[in-house]
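In: no sequence on hand, only this structure:
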């Protein structure tokens, strides 16, 4: 799950707090102006809500590193940072959205479940919009790495979602101008199956890539297979990234529609959307981890054959690390942490001192010599027979 933080208060104080923690560049402006609409509060609470709405807020998606920085800066406990009114920590899809610090402002309102639910809804939409923007940037980076053939392959698959993408893109543009949520939902409500079908095909593609290195045992075989996987992985990841981007934007419109038509169900629907997203995320993790696990085995085999196949082994490891970089780039917007270090090729001199490497090389060299020796012996025997036969003829 991806943890998120919203810091609200005086804009300069919030920015100063984040800058001190080294997190300002990772934070984004968080619009609280829709809070009144989300809460649909009564007249008695309007003044209290407006007190929150008028404040500046910053949204931060936490990685393990940024969470530690925030904790070290005092963000996960009450602080004396002047001007910072509220700091709320939550996890996408969790009911518990906890106010971590409250220096001033309407405390009673902040403990109101409706307020937490309303801000939870805003956070959910903002998180999906932020993820969609990160995925757009990822698609541009992948595009630069694809050759013309694979770019055409990717575009052919994405063409299946052209109408779905157009409907969602239109809805997001109109939404940004304050469009009617019911009308926007009518525009996009029928497109989700198309996206799911393309997404499932791409996941199947990743599964197929993982099988390409099975039963490949020589450095040459692995070199060809892993290089192909490197290029094909870029195609499948690009397709998956576009699917996730469209799904994120679809869910934003969906939550707007629920708010407009059944606000009493908003919190439950938000949690359901988060659970569905987590299931899709888990499906991606299962397939990418399976792929990298298979590639790591291939890398170990390549590294065990450095003495006789140094060039092929390094090619395998370079392609493996390039594939891992593509996967990690895709994981980042989804909030999936990468804990896999790059694989390094064993230097030839180091391999020459390794008894295991020498045994592996000696075994292969012996087999080649045996095959070569057998061929020479067969040729020699054939030649001897011919000489003998010719000699007997001439003697006769």
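Out: That came in fine, so what should we check first? Note that the structure is predicted; figures quoted are calculated from it, not measured.

In: how is the chain divided into domains?
Out: 1-111, 136-353, 356-390 (automatic domain parsing).

In: pull out the buried residues from stretch 287-304.
Out: Across stretch 287-304, burial judged by 16 or more other C-beta atoms under 10 Å covers 287, 288, 291, 292, 294, 295, 298, 299, 301, 302, 303, 304. From N, CA and C alone the C-beta is placed, and that goes for glycine too.

In: let me fix that, I meant to ask about stretch 216-223.
Out: Quick answer for stretch 216-223 (16+ other C-beta under 10 Å): 216, 219, 221, 222, 223.

In: residue 353: which of those residues is nearest?
Out: residue 219 (19.9 Å; C-beta to C-beta).

In: now render the buried residues of stretch 287-304 as TSV, adding secondary structure.
Out: Formatted as TSV, those follow (DSSP: H, G, I helix; E, B strand; the rest coil):
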residue	secondary structure
287	helix
288	helix
291	helix
292	helix
294	helix
295	helix
298	helix
299	helix
301	helix
302	helix
303	helix
304	coil
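
In: of those, closest to residue 345?
Out: Taking the buried residues of stretch 287-304 together and measuring to residue 345 by C-beta to C-beta, the closest member is residue 303, at 6.5 Å.

In: what about the nearest residue to the closest one once chain neighbours are set aside, neighbour count?
Out: Of all residues not flanking residue 303 in the chain, residue 346 sits nearest, at 5.2 Å (C-beta to C-beta, 6 or more residues apart in numbering). If you count neighbours by other C-beta atoms under 10 Å, residue 346 ends up with 20.

In: I'd say residue 346 and residue 305 touch.
Out: No - at 9.9 Å, residue 346 does not count as touching residue 305 under the criterion of C-beta atoms under 8 Å.

In: which strands and helices lie in contact with the longest helix anywhere in the chain?
Out: Determined from DSSP state H, the single longest helix within the chain is helix 219-261. Taking 3 or more C-beta pairs under 8 Å, 6 or more residues apart in numbering; DSSP states H and E as contact, the helices and strands that helix 219-261 lies on are helix 113-145, helix 148-158, helix 162-176, helix 181-188, helix 192-211, helix 266-303, helix 306-331.

In: the inter-axis angle of that helix versus helix 192-211?
Out: Put simply, helix 219-261 runs at 160 degrees to helix 192-211, going by axes from the mean of the first three to the mean of the last three C-alpha atoms, to 10 degrees.

In: quick check: angle from helix 219-261 to helix 306-331?
Out: Going by the same axes, to 10 degrees, helix 219-261 makes 10 degrees with helix 306-331.

In: pipe the helices and strands packed on helix 219-261 into CSV and attach distance to residue 341 and mean pLDDT per row.
Out: Formatted as CSV, the helices and strands packed on helix 219-261 follow (distance: least, C-beta to C-beta, whole Å; pLDDT from 0 to 100):
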stretch, distance to residue 341, mean pLDDT
helix 113-145, 21, 78
helix 148-158, 28, 92
helix 162-176, 37, 95
helix 181-188, 42, 95
helix 192-211, 20, 93
helix 266-303, 11, 90
helix 306-331, 9, 90
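
In: nearest to residue 27, out of those?
Out: helix 113-145 (10.6 Å).

In: which other helices and strands does the closest one contact?
Out: strand 3-9, helix 35-39, strand 56-62, strand 84-91, helix 219-261, helix 266-303, helix 306-331.

In: next, format the ones you listed as TSV and append distance to residue 202.
Out: Shown next, in TSV, are the helices and strands packed on helix 113-145 (distance: least, C-beta to C-beta, whole Å):
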stretch	distance to residue 202
strand 3-9	27
helix 35-39	34
strand 56-62	24
strand 84-91	27
helix 219-261	4
helix 266-303	9
helix 306-331	11
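
In: can you check which of these gets nearest to residue 140?
Out: That would be helix 219-261 among those, by C-beta to C-beta, at 10.1 Å.

In: helix 148-158 and that closest one, what's the angle between them?
Out: Going by the same axes, to 10 degrees, helix 219-261 makes 30 degrees with helix 148-158.

In: a helix runs through residue 343, doesn't it?
Out: No - per three-state DSSP, residue 343 lies outside any helix segment and is coil.

In: ok, it touching residue 298?
Out: No - counting by C-beta under 8 Å, residue 343 sits too far from residue 298 to count as a contact (9.8 Å).

In: what do the two both touch?
Out: residue 320 (C-beta atoms under 8 Å, 6 or more residues apart in numbering).

In: name the SS class of residue 178, please.
Out: coil.

In: from here on, count from 28
Out: Let's use 28 as the start, then, which means that last one is residue 205.

In: any idea how far residue 211 is from it?
Out: Using C-beta to C-beta, to the nearest Å, residue 205 is found at 11 Å from residue 211.

In: all set now, cheers.
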